[in-house]
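**Student:** Got a sequence here, can you model it:
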Amino acid sequence: MRKILTVLIIFLAAVSFLRADLYVKKVKQAAPYEIMGKKRSGRVEIQELWLAKDKFAQMGKELSIIFNKKSGKLYLVVNPAKVYLEIPLGITREKLNDYFPQKIADIIKSIRVTDVKVNLNTERKKIANWDCQKSEFEMTILIPALNAMPKMKMVMWMTKDLSVDYKGYLSGMEEVFKLLFLNVLDVDENSRKELEKLDRIEGFQVAGEGILKLFGAEIREEEQCLEISEKPAPHGVYGVPKNYRKRALK
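**Tutor:** All right, here's what the predicted structure looks like:
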């Protein structure tokens, strides 16, 4: 189970860029669930998001995701253990064995993404003070090396009712998505064509829901923005904490 979640976390990150700093504060709520006989309690967490030109930092209690284009790396920071992993952006399927142990590389190579469906602008509603449109994205992930077939669905509520230039902040998403997803995982042709619809989604995401179905369990998370503003980022927010140690991937 832990290996599956580790593999999924590595490839489920989105990043954005802009000259100024954008601050996003959001609340994330995870519902309780039971998987393989183990019960997991629900939790509520406040997360902070900082975006600037070529930089990105999502700060969570358990996991933080930091990106700096200059370094060419994505950092996964495990806060309770005070360790971090480096994911090089130049990684491809052919280079997996250079960065991961053979067993992990074989698991990633076995992953096949299929049955992708993107539904745009399916519903409208007001969230807080924002007029929003709903878009949905779902896919099936085949992991034969682990005898697993998780199904994922994401519901995104997008708004254009922001005074900030959100388009500038989101300009780098496609680039990193391709580097860490399309260039590494085996995505079938029909799914790749369906993914092109994501380029037509307009606005900034202010709320959403993620659903992961795995081994008969349904893992559900919801999130909503509490604040979106432009202000200077704290010193060092786009870097790994100095007292954290690097954990090698291989």
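**Student:** What are the contacting residues of the single longest strand found in the chain?
**Tutor:** For the chain, the strand with the greatest residue count under DSSP state E is strand 112-127. Contacting residues not belonging to strand 112-127 are listed as 131-142, 144, 157, 159, 185-188, 190-192, 194-195, 197-198, 200-201, 206-207, 224 [Cβ atoms under 8 Å, 6 or more residues apart in numbering]. All C-beta atoms are positioned from the backbone trio N, CA, C, and that covers glycine.
**Student:** Restricted to strands, list those residues.
**Tutor:** When DSSP E defines the strands, the subset of these inside them is 131-142, 157, 159, 186-187, 206-207, 224.
**Student:** that older thread, are any of the contacts of strand 112-127 buried, and if so which?
**Tutor:** Among the contacts of strand 112-127, those buried by neighbour count (16 or more other Cβ atoms under 10 Å) are 132-142, 157, 159, 185, 187, 191, 194-195, 198, 201, 206-207, 224.
**Student:** Which secondary structure element of the protein has the lowest mean pLDDT?
**Tutor:** Between all helices and strands in the chain, the lowest mean by mean pLDDT, DSSP states H and E belongs to helix 2-10, at a mean of 54.
**Student:** Look up how far V27 lies from the residue lying farthest from the centre of the chain.
**Tutor:** Farthest-out residue of the chain from its mean C-alpha position, per Cα atoms, centre = their mean: G37, at 27.0 Å. Here the distance between G37 and V27 works out to 30 Å (Cβ to Cβ, to the nearest Å).
**Student:** Could you do E189 as well?
**Tutor:** Computed with Cβ to Cβ, the distance linking E189 and V27 is 39 Å.
**Student:** The two - which one has more neighbours?
**Tutor:** Comparing E189 with V27 by neighbour count (other Cβ atoms under 10 Å), the higher total belongs to V27, at 14 against 7.
**Student:** what are the bridge partners for that one, then?
**Tutor:** On the basis of DSSP bridges, V27 takes part in beta bridges with I46, Q224.
**Student:** how about it, what does it touch?
**Tutor:** When contacts are counted by Cβ under 8 Å, 6+ apart, V27 is found next to 44-47, 223-224, 226.
**Student:** Number of residues surrounding the nearest residue to Y99 once chain neighbours are set aside?
**Tutor:** In this structure, Y99 finds its nearest non-sequential neighbour in L249, 5.3 Å apart by Cβ to Cβ, 6 or more residues apart in numbering. When counting by other Cβ under 10 Å, one arrives at 17 neighbours for L249.
**Student:** Ok, Y99 next?
**Tutor:** Other residues within reach of Y99, judged by other Cβ under 10 Å, total 17.
**Student:** Quick check: it vs K73, distance?
**Tutor:** Using Cβ to Cβ, we find Y99 at a distance of 11 Å from K73.
**Student:** Identify the contacts common to these two.
**Tutor:** Here Y99 and K73 have 87-88 as joint contacts, going by Cβ under 8 Å, 6+ apart.
**Student:** you'd agree L85 is up against I65?
**Tutor:** No - using Cβ atoms under 8 Å, L85 is not in contact with I65, being 10.4 Å away.
**Student:** which residues sit in contact with Q224?
**Tutor:** With contact set as Cβ under 8 Å, 6+ apart, Q224 has these partners: 26-27, 127-128, 206-208.
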